[in-house]
Every structure is written in structure tokens, then in C-alpha cells.
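Colleague: Sequence and computational prediction follow.
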Amino acid sequence: MTSAVPAADPQTAPVLQLSALRKAYGVGTPLEVEVLHGIDLSLHSGEFAALIGPSGSGKSTLLNLIGLLDTPTAGEIQVQGRPTVALGDAERTALRGRTLGFVFQFHHLINAFSVLDNVMMPALLGGAGRSIALRDHALELLDAVGLAAHAHKRPNALSGGQQQRVAIARALMIRPPLLLADEPTGNLDSRSADDVFALFRRFNQTFGCAVLLVTHDPRIAARCDRVLEMLDGRLVRDTQG
């Protein structure tokens, strides 16, 4: 396990480093309960890992911490060698916008905007101005997921599998070094789920981004290079494929 070094070179450090990570709710009250109990984990560029475990094992809590959407009670989270726990809200938001891509079970597309605008949204929210280059990059991603012809439609005009592919294109808009996926195939039939997994794998291999994919589907987990299993707030298995 690599030790936490604040000055780590982001080119050689793990994309993600968790050290003694703990999370409790109701801290200091009679109802205090700890749901994560000292998680240690490293994830490097190009790795493709599944995170599995029963409901209530702490997977979603862990993903929220890794995604810098919540803060741990103890321990440290390093993203590309940078410690994050002591960062302010604005710094965390900026780091999240530069380094992390998110795909959820529910795609969270905005129906008031076109498919193309939804894909460009992370870059626009990150301060990029609208430009031909930005539009072309978004169209390239839509073409890569087989949806360039639907760029000017509203998301609600697409099927569930198509909307999830739009969400993947959106997550890749900033070419993040780490892609987080929370049950991205959970609402899809097996064929659509296989298509979505194939896209994750292709982008993982093309861009070298690390992928951490939460899934309940044993077929999906078996196709990942690494399987991380959680139980009762602990990482109980770490198996290389």
C-alpha cells in the first residue's frame, strides 16, 4: 500500500488513494453510527475495478466520499496525489470538475436541454465558453456512443439505454482520470447493459482512465480486471482478474 504523501507527483501517484477512511453519522450524539471502518485502497491509471457487496454494505457511502460529494469522519482521500479532506468547498468542487466523471443508475439528464448541451454541460459548468471546438468534441463523444444523429433531440425522446449512453458521453467530456459509475446498468436489460459495459471498457482502454464501477450484476463484475468486495463497511476482498 502506497503511503499518503501530500507532495506526490500526479503523474506517478495513484489516481485514487484512500487511507484509513472512516465515515460516521450522528457524531457526538447517542445515535452515532459508523458505516465505514478504515478503508485502505489504491487505484491506478488504466485500472478497471468493480465494487460489489450487499445493500447496506457501504458502497454508496464510499462512492460519495471518493466523488468528493461528502467528507469522511477520519482518514484521507488523495486524488492524483492531492490530499482532499482539508480542502474547502470551492476547492473540492473545482477538483471534482477537473478530475472526476460520474455515471449513475439514474442518468440525471436535463430534459430542458438538447442531448448535445447535456454532454457539454460539465465543460460549461467548469468555465469553458461555448465554441466550435467544444461542440465538435461533444459530437465526437456522441458519435463514439452511437448517438451523433440524436444530438439535437431532448433526452426524454431517447430510450433508457440511449440516455445512459448520453450520460457516459457527458461523464467523459472533461476526459477525467477517474470515472465513477454507480449501478450504471441497474435499470437496463441485459443487452443494453452489455452495450454500456462495452463503452466503459472502450474508453478505459482508449483514454487510460481508471474506472470504479459499483454493480450488483455478477456478470458485469466478472468482466472487470479487479473486484473489490465490501461487507459491513469494510473492504473484505480485493481480487485481480
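Modeller: Arrived safely.
Colleague: make it CA atoms for all contacts and neighbour counts henceforth
Modeller: Noted.
Colleague: What's opposite the residue lying closest to P54 once chain neighbours are set aside in the beta bridge?
Modeller: Once flanking residues are discounted, P54 sits nearest to L231: 7.0 Å by Cα to Cα, 6 or more residues apart in numbering. For L231, the beta-bridge partners are R234 (DSSP bridges).
Colleague: Surely L231 is in contact with G58?
Modeller: Yes. L231 is within contact range of G58, at 7.5 Å (criterion: Cα atoms under 8 Å).
Colleague: out of those two, which sits in the busier spot?
Modeller: Looking at L231 and G58 with other Cα atoms under 10 Å, you find the greater number of neighbours at G58, namely 21 against 17.
Colleague: And E32, how close does it get to K23?
Modeller: Remark: distance between E32 and K23 (Cα to Cα, to the nearest Å) = 11 Å.
Colleague: Apologies, that question was intended for E140.
Modeller: In this structure, E140 and K23 are separated by 40 Å, where distance is defined by Cα to Cα.
Colleague: If you count surrounding residues, which of these two has more?
Modeller: Counted by other Cα under 10 Å, E140 and K23 do not tie: K23 has more neighbours, with 23 against 16.
Colleague: and the next element down the chain from the helix or strand harbouring the more buried one?
Modeller: Assigned by DSSP states H and E, K23 falls within strand 16-25. Per DSSP H and E, strand 16-25 leads on to strand 33-43 as the next helix or strand towards the C-terminus.
Colleague: So which elements touch that next one?
Modeller: Judged by 3 or more Cα pairs under 8 Å, 6 or more residues apart in numbering; DSSP states H and E, strand 33-43 is in contact with strand 16-25, strand 234-240.
Colleague: List just the one of those strands that sits closest to S131.
Modeller: strand 16-25 (31.8 Å; Cα to Cα).
Colleague: Pairing partners for the closest one, with directions?
Modeller: Pairing partners of strand 16-25, with direction, according to DSSP bridges: strand 33-43 (antiparallel), strand 74-79 (antiparallel).
Colleague: Good, we can wrap up now.
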